[in-house]
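Trainee: take this sequence and fold it.
(one chain, ligands or ions: 1)
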Amino acid sequence: MPRKLYIETYGCQMNVADSQLIAGELEALEFELTESPAEADVVLVNTCAIRENAETRVWGRLAQLAEHKRHRPGQTLGVVGCMAQHLRDHIQTKAPYVDLVVGPDAYRRLGDILLTERDAPYVDVAFNRSEVYEGLDPRSDNGLTAFVTVERGCDKFCTFCIVPYVRGRERSVPLDEVLRGTRVLVEQGVREVTLLGQTVNAWRQDDLHFGDLLRAVATIDGLERIRFTSPHPAEFTPAIIDALASTPKVMPAVHLPLQSASDSVLERMNRGHTYAAYQALVADLRAAIPDLCLTTDLLVGFVGETEDDFAQTMAAVDELRFDAAFMFAYSARSGTRAHDWDDDVPQAEKLRRLELLIARQEAISAEVNAARHGAREEVLVEGPAKRGDGWWGRSRGFKNTVFSTDRTPTLGELVWVEVDNSTAHTLLGREVAVVDAALV
Ligand code: SF4
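Mentor: Residues are numbered from 1 along each chain as shown. Have a look, this model is predicted:
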């Protein structure tokens, strides 16, 4: 009888893609996915270490999941991913009921690990600088869109970030492997792929760069849309911008983390660029891609951030008018360089700045979306709307779009939606036509 596998995923898209990879690897070994941890033989929690509250949630969840082991002796409870790497020793003391701890470079061994009888907990957090999981197929949860990891690890060492320490050094997935994995997905009906990497535009192979990768993926018949996340500002080149602008399948949406608009904060963060360089890059991107949707990450209250530094970030939000932003208050992460520095912005002040920033960005997001009223958006239909009787999909700019229609659209269909209303996070409208592929 197949053994039942339950996977719970926390954190970023890289973790979602890794969970899919693990599921595929274990299904090939006759594990069968289940939605219920209570009936699973193996429970894996794929964890995130980026923020402390992500780890706190996992500790609580592990204690809950451990309850199932009492009713199901022999059940294996494993922690995989970034927190496994970050807190490997701590997990065994704080959660002794965890049976295995496996870091992001050891997933290929998971099958062997799970199929081997053990009397003691098993830990495998060795880094492997060449592991890019070649030969393991990416998967799609909805059959229409999918992640394809093209680059793993990070060499940037931003002083607030744990990623380089838990995911290891940067390495690119070979072009042929990216194409193979994407073709597998398209043969299964996937129409849109998102190429993933911690600094995805740092992808390289000999003299090929990320723009070449985008162009090559775009040659795959049947694939309609290509997205990518997250690029690093310092890794954009004119050649990559040209590839974005001249490859119609590449969607006009760029998530470009800024973090702060103060040069002194950017320097302390070791971001590798100034605000002026970021401004110039945005100007170049917008000149090359006129309908660009630009989103960002912003971090307030970093070590030494003054009121004036924060005012510069507020001014940048007004100036650059992002479509949307992920905004956070800084919290020190053990294992990072900034952890040893004086975390000198009081928590209440961090939260005050964050509130101001969120309020301003939400107002801008609402204005930017309102400016699209009357426009036609090409939407990939992904399912019924969560509320009401409309349908839901993403625009080319990756905006949530909810629309009404007189018919039942096919999932995966591209339709034109005329926008007549919006919120800060969603475009609302009605279907006016099925997209003629020749128009795209
Ligand atoms: S670029 Fe900086 S923030 Fe992004 S993953 Fe690398 S170290 Fe972390």
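Trainee: name the SS class of the spatially closest residue to residue 35 that is not a sequence neighbour, please.
Mentor: Leaving aside its sequence neighbours, residue 35 sits nearest to residue 6 (CB to CB, 6 or more residues apart in numbering; 7.3 Å). Using the backbone N, CA and C atoms, a C-beta is placed for each residue, glycine as well. Secondary structure state of residue 6, per DSSP: H, G, I helix; E, B strand; the rest coil, is strand.
Trainee: and residue 6, what are its bridge partners?
Mentor: Counting by DSSP bridges, residue 6 is bridged to residue 43.
Trainee: my guess is it meets residue 43, correct?
Mentor: Yes. Contact criterion CB atoms under 8 Å: residue 6 and residue 43 qualify, at 4.9 Å.
Trainee: identify the contacts common to the two.
Mentor: Common neighbours of residue 6 and residue 43 (criterion: CB atoms under 8 Å, 6 or more residues apart in numbering): residue 37.
Trainee: who has more neighbours out of these two?
Mentor: residue 43 (27 against 21; other CB atoms under 10 Å).
Trainee: wouldn't that one be in contact with residue 80 here?
Mentor: No. Counting by CB under 8 Å, residue 43 does not reach residue 80; the two are 10.8 Å apart.
Trainee: and the closest residue to residue 12 other than its chain neighbours, how many neighbours?
Mentor: Nearest residue to residue 12, sequence neighbours excluded (CB to CB, 6+ apart): residue 48, at 6.8 Å. By other CB under 10 Å, 22 other residues sit near residue 48.
Trainee: residue 58 now?
Mentor: 26.
Trainee: what sits against it?
Mentor: So residue 58 contacts 10, 45, 47-48, 79, 83 (CB under 8 Å, 6+ apart).
Trainee: excluding residues flanking it in the chain, which one is nearest the residue in the stretch 251-400 of the chain positioned nearest to the ligand?
Mentor: Closest contact between the stretch 251-400 of the chain and the ligand, by CB to the nearest ligand atom, is at residue 257 (6.7 Å). Sequence neighbours aside, residue 297 is the residue nearest to residue 257 in space, at 4.0 Å (criterion: CB to CB, 6+ apart).
Trainee: compute the distance between the residue lying closest to residue 301 once chain neighbours are set aside and residue 359, please.
Mentor: Distance criterion CB to CB, 6+ apart; nearest residue to residue 301, sequence neighbours excluded, is residue 350 at 3.2 Å. Counting by CB to CB, to the nearest Å, the gap from residue 350 to residue 359 is 15 Å.
Trainee: between these two, tell me which one has more neighbours.
Mentor: Each of residue 350 and residue 359 has its neighbours counted (other CB under 10 Å); residue 350 has more, 21 against 10.
Trainee: surely the more buried one touches residue 330?
Mentor: Yes. At 6.5 Å, residue 350 counts as touching residue 330 under the criterion of CB under 8 Å.
Trainee: between those two, what contacts are shared?
Mentor: 300-301.
Trainee: for the residue lying closest to residue 175 once chain neighbours are set aside, give me its contacts.
Mentor: Spatial nearest neighbour of residue 175, chain neighbours left out: residue 205 (5.4 Å); criterion: CB to CB, 6+ apart. Listed by CB under 8 Å, 6+ apart, the contact partners of residue 205 are 172, 174-175, 213.
Trainee: can you lay out those residues as a markdown table showing neighbour count?
Mentor: Shown next, in a markdown table, are those (neighbours: other CB atoms under 10 Å):
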| residue | neighbour count |
| --- | --- |
| 172 | 21 |
| 174 | 14 |
| 175 | 17 |
| 213 | 27 |
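Trainee: what about the strands in the stretch 51-200 of the chain?
Mentor: Along the stretch 51-200 of the chain, the segments classed as strands by DSSP state E, counting those that start in this stretch run 76-81, 100-102, 122-124, 145-149, 151-152, 171-172, 192-196.
Trainee: tell me what the fourth one is packed against?
Mentor: This points to strand 145-149. For strand 145-149, the packing partners by 3 or more CB pairs under 8 Å, 6 or more residues apart in numbering; DSSP states H and E come out as helix 13-27, helix 175-187, strand 192-196.
Trainee: look up phi and psi at the residue nearest to residue 175.
Mentor: With angles defined as degrees, to the nearest 10, residue 205 sits at phi -150, psi 110.
Trainee: state the helix or strand in which residue 211 lies.
Mentor: helix 210-218 (DSSP states H and E).
Trainee: what do you get for residue 309?
Mentor: helix 307-320.
Trainee: which residues touch that helix?
Mentor: Contacts for helix 307-320 (CB under 8 Å, 6+ apart): 258, 260-262, 264-265, 275, 279, 282, 294, 296, 298, 300, 325, 353, 356-357, 360-361, 364.
Trainee: and it, how far from the chain's centre?
Mentor: With CA atoms, centre = their mean, to the nearest Å as the basis, helix 307-320 stands 25 Å off its chain's centre.
Trainee: quick one: the next helix or strand after it to helix 307-320, angle?
Mentor: Next along the chain after helix 307-320, taking DSSP H and E as the criterion, comes strand 324-329. Inter-element angle recorded for strand 324-329 and helix 307-320: 170 degrees (by axes from the mean of the first three to the mean of the last three CA atoms, to 10 degrees).
Trainee: mean confidence for strand 324-329?
Mentor: For strand 324-329, mean pLDDT rounds to 97.
Trainee: residues contacting the following helix or strand past it, please?
Mentor: Remark: after strand 324-329, the chain's next helix or strand is helix 347-370, criterion DSSP H and E. With CB under 8 Å, 6+ apart as the test, helix 347-370 has contacts from 298, 300-301, 305, 310, 313-314, 317-318, 321-325, 327-330, 345, 399, 422-427.
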